[in-house]
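Visitor: Following is a predicted model, sequence given first.
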Amino acid sequence: MKVTDVKTIVVPMANSFLTDSVIANPMSGYAEYKTRRSSWFGEMASVLVEISTDEGIKGYGFVGGGKAASASVIANHLKTFVLNRNPFDVELIWEQMYRASQMYGRRGLAIEAMSGIDLALWDIMGKATNLPVYRLIGGQTKDRIKAYVTGIDPVRHKQSQGFADIKIAMPYGPADGEEGMRKNEDIVRQARDMVGPNGNVMLDCYMAWNVPYTLEMERRLRDYKIKWIEEPVLPDMVDSYLRIRDKVQCMITGGEHEYTRFGFKELIEKQAVDIIQPDIYRAGGISELKKIAALASVHDIAIIPHGIGAPSYHFVMSTVTSPMAEFVDVFAQGGELILKGEPIPVDGYITLTDEPGFGYALNENVFNGVRPVPIW
């Protein structure tokens, strides 16, 4: 089998609470960029990689990050290392892409582009062997996958979706002062009331807080028994993660915006977080997440990937040290997923089928005027 073509499909995403609600973020300290993430990020675009073979099998993989520029990286450089190759040679292809992009890569856009390619190759391998991808990368380690939901509406998540574990996208940070802290506490109180004493409440801070603010918020919220505080500071501030973890009474998590096993090495070896959260669409695809998980397991650190979608769930299913998965509440946004067949949680659990590959297919509705929603 040989790869005959590598294409990218760029589709603008629908607006969502992720981009057009007040959510704390790295730019929250600047008044002109505070209200909406889209004011500084620009338009989010979903980039889908489609790889074709001479046997008529096509594989699909998303590129993380939400920027259309990754399509140019693939078209003008990375496809060189995929065309006319056997898709089963995924390790060699990954290594060559990584080495060839060192001058402008190592993190960010280049690794995100590589992630989409890697996932499309695994989708092909699953289809070629008539096996789901999780069977190829470790097999079944659990009967079903426990899922938590990320969003801004605890009532909906609990009452109509059946989730017992809720992660709140925190709206306020240091720039909002005392009033913002009180509002944050009100939101957390509502979430705890909704899930009851047996559910879990987590906080997603999206790199918006700092060490003093995080410590004060954690002190105020102790009565609500927070399970974890996620990504409170910028990803390069590993020592700040460590300072926070040493002083709080809940878990600290991070890694959504880190890349490759090399990027995770310091975070893991310093044990700056209790759980690592690589994004399968950003950090290097399945090939790299399995290596990151192996490195973390040496230090007894669990791995719960950031983001939703079949590739992430197949990874969790095949990984002993990955106890649960994330589900982002994108289905309330009035659009459709670009790939149909994505698994949807039922009462807080995800069940995978034995469909070959990732079990999804191109959704033609998206290309007929229907606005797509993001999957990460």
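Guide: Great, that's in hand.
Visitor: and the closest residue to residue 339 other than its chain neighbours, how many neighbours?
Guide: By the measure of Cβ to Cβ, 6 or more residues apart in numbering, the closest residue to residue 339 outside its immediate chain neighbours is residue 360, 4.1 Å from it. C-beta coordinates here come from the backbone N, C-alpha and C atoms, glycine included. Here the neighbour count serves as a burial measure; for residue 360 (other Cβ atoms under 10 Å) it reads 19.
Visitor: Now residue 360. Its backbone dihedrals?
Guide: Main-chain dihedrals, residue 360, degrees, to the nearest 10: phi -120, psi 170.
Visitor: List the contacts of it.
Guide: Listed by Cβ atoms under 8 Å, 6 or more residues apart in numbering, the contact set of residue 360 reads 60, 310, 339-342.
Visitor: repeat for residue 219
Guide: Contacts of residue 219 by Cβ under 8 Å, 6+ apart: none found.
Visitor: mind checking the SS state of it?
Guide: At residue 219 the chain is in helix, as set by DSSP: H, G, I helix; E, B strand; the rest coil.
Visitor: distance of residue 117 from residue 164?
Guide: The spacing between residue 117 and residue 164, counted by Cβ to Cβ, to the nearest Å, is 36 Å.
Visitor: Which of the two has more residues huddled nearby?
Guide: Neighbours per residue (other Cβ under 10 Å) separate residue 117 from residue 164, with residue 117 holding more: 28 against 18.
Visitor: doesn't residue 286 make contact with that one?
Guide: No. Distance between residue 117 and residue 286: 11.2 Å, which falls outside the contact criterion (Cβ atoms under 8 Å).
Visitor: ok, how many other residues are close to residue 2?
Guide: Residues contacting residue 2 under the criterion other Cβ under 10 Å number 12.
Visitor: Any figure for the gap between the spatially closest residue to residue 130 that is not a sequence neighbour and residue 129?
Guide: Once flanking residues are discounted, residue 130 sits nearest to residue 356: 5.1 Å by Cβ to Cβ, 6+ apart. According to Cβ to Cβ, residue 356 and residue 129 sit 7 Å apart.
Visitor: okay, these two: which has more neighbours?
Guide: More neighbours sit around residue 356 than around the other of residue 356 and residue 129, counting by other Cβ under 10 Å; the figures are 19 against 14.
Visitor: Am I right that the more buried one is in contact with residue 127?
Guide: Yes. Residue 356 is within contact range of residue 127, at 4.5 Å (criterion: Cβ under 8 Å).
Visitor: if we can go back for a sec, please list all residues in contact with the residue nearest to residue 130.
Guide: With contacts taken as Cβ under 8 Å, 6+ apart, residue 356 has the following neighbours: 126-127, 129-132.
Visitor: just those now: which is nearest residue 184?
Guide: For the contacts of residue 356, the residue nearest residue 184 by Cβ to Cβ is residue 132; the value is 40.5 Å.
Visitor: Just want the phi and psi numbers for that closest one.
Guide: For residue 132, the backbone dihedrals are phi -70, psi 150 (criterion: degrees, to the nearest 10).
Visitor: and it, how many residues sit next to it?
Guide: 24.
Visitor: May I have the beta-bridge partners of it?
Guide: When assigned by DSSP bridges, residue 132 has beta-bridge partners residue 357.
Visitor: quick one: the strands in the stretch 1-150 of the chain?
Guide: Ranges of strands in the stretch 1-150 of the chain, per DSSP state E, counting those that start in this stretch, are 3-12, 45-53, 58-63, 145-151.
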